[in-house]
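**Q** Mind looking at a prediction? Sequence and model below.
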Amino acid sequence: MKLNLLYFARLKDAFGRDSETLDSEATTVGALLAELRTRGDAWTEELAEGRVFRVALNQELVTPDAMLSAGDEVAIFPPVTGG
Amino acid sequence: MDTFTVRVDAAAFDAGQEIARLSADPGVGAVVSFVGVVRRHGDGDDIAALELEHYPGMTEKSLAAIVAEARQRWPLSAVLIHHRVGRLALGEPIVLVVTTSAHRAAAFAACEFLMDYLKTRAPFWKKEIGDDGRSHWVEAKASDEGAAGRWQ
């Protein structure tokens, strides 16, 4: 199924892109992260277990057990620093 | 008059004008405001500007949710959050929060609550740009998480 992925701030720079459409078999956010880690380099390093980052599914913060559906918007970004 | 407002905008704000507008309500007895400003010393010591990035859509939704939570906790007459994005030079204002209520306790508490939650929940990211043009992303601070945690 197709997912719309977004990246922000340091992760956008590290991955060299701010968005992509991915055809994925992942059914959970955790499975999607595992799939992205297999890309190597910055993907493996930045998304490693123990690294601090946030995932929003359709603009709500979620944990890795969140279920994915076709057409979902999944954003991955560092902890926020506004204000 | 829109009394509960969230704005995410590159444009500057006029804090005095906003405060005057929100003070005009005859039920209001207390107006508290906070302005965050680009300062010289952050992670680096020669900050010339900040670049503010955000997640359009989620930013507005998360700020609206934080305002809704403040309204459940305190009897507020009005809230304004104006958060700027884009490149902001040293000394420029970044964020304005105004809260109004009949009495000061609610207005003070809500203003601080909104800032603490905004810093830890709203998807904004700061990049510091130094005098030499070099830049780096600001790291999130544990002290901000701690400040937000005290409201739980």
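**A** Arrived safely, thanks for sending.

**Q** Pull the number of nearby residues for residue 18.
**A** Since no chain was named, I'll use chain A. Under the neighbour criterion other C-beta atoms under 10 Å in any protein chain shown, residue A:18 is assigned a count of 14. In short, each C-beta sits where N, CA and C put it, glycine included.

**Q** wrong chain, I was asking about chain B
**A** Residue B:18 has 19 neighbours, counted by other C-beta under 10 Å.

**Q** so what's residue B:126 up against?
**A** A:81-82, B:42, B:50-52, B:137-138 (C-beta atoms under 8 Å, 6 or more residues apart in numbering or on different chains).

**Q** The same query, at a cut-off of 6 Å, please.
**A** Shown in contact with residue B:126 (C-beta atoms under 6 Å, 6 or more residues apart in numbering or on different chains): A:81, B:50, B:52, B:138.

**Q** For residue B:5, which non-adjacent residue is closest in space?
**A** Distance criterion C-beta to C-beta, 6 or more residues apart in numbering or on different chains; nearest residue to residue B:5, sequence neighbours excluded, is residue B:80 at 4.9 Å.

**Q** sorry, back to before: closest to residue B:8 among the contacts of residue B:126?
**A** residue B:52 (9.5 Å; C-beta to C-beta).

**Q** Which elements pack onto the helix or strand where residue B:62 lies?
**A** Here residue B:62 sits within helix B:58-73, counting by DSSP states H and E. Applying 3 or more C-beta pairs under 6 Å, 6 or more residues apart in numbering or on different chains; DSSP states H and E, we find helix B:58-73 packed against strand B:4-9, helix B:104-121.

**Q** Taking helix B:58-73 as reference, get the angle to the shortest one.
**A** Counting by axes from the mean of the first three to the mean of the last three C-alpha atoms, to 10 degrees, strand B:4-9 lies at 160 degrees to helix B:58-73.

**Q** Please name the strands paired to strand B:4-9 in the sheet, noting orientation.
**A** Sheet pairing of strand B:4-9 (DSSP bridges) gives strand B:76-84 (parallel).

**Q** what about the helix or strand that the partner strand is followed by, distance to the chain center?
**A** The helix or strand immediately downstream of strand B:76-84 is strand B:86-89, counting by DSSP H and E. On the basis of C-alpha atoms, centre = their mean, to the nearest Å, strand B:86-89 sits 15 Å off its chain's mean C-alpha point.

**Q** Quick check: buried residues in strand B:86-89?
**A** Buried positions in strand B:86-89, judged by neighbour count with 16 or more other C-beta atoms under 10 Å in any protein chain shown: residue B:88.

**Q** cool, stretch B:55-73 as well?
**A** Of all the residues in stretch B:55-73, those buried under the rule 16+ other C-beta under 10 Å are B:55, B:57-63, B:66-67, B:70.

**Q** can you pull the contacts of the residue of chain B with the smallest separation from chain A?
**A** Using C-beta to the nearest C-beta, the single residue of chain B nearest to chain A is residue B:124, 2.6 Å away. Residues counted as contacts of residue B:124 (C-beta under 6 Å, 6+ apart) are A:80, A:82, B:52, B:54.

**Q** so which of the helices and strands packed on helix B:58-73 comes closest to residue B:94?
**A** helix B:104-121 (10.7 Å).

**Q** The helix or strand just after the closest one relative to strand B:76-84, how many degrees between them?
**A** Once helix B:104-121 ends, the next helix or strand along the chain (criterion: DSSP H and E) is strand B:124-130. Strand B:124-130 and strand B:76-84 meet at an angle of 40 degrees, taking the same axes, to 10 degrees as the criterion.
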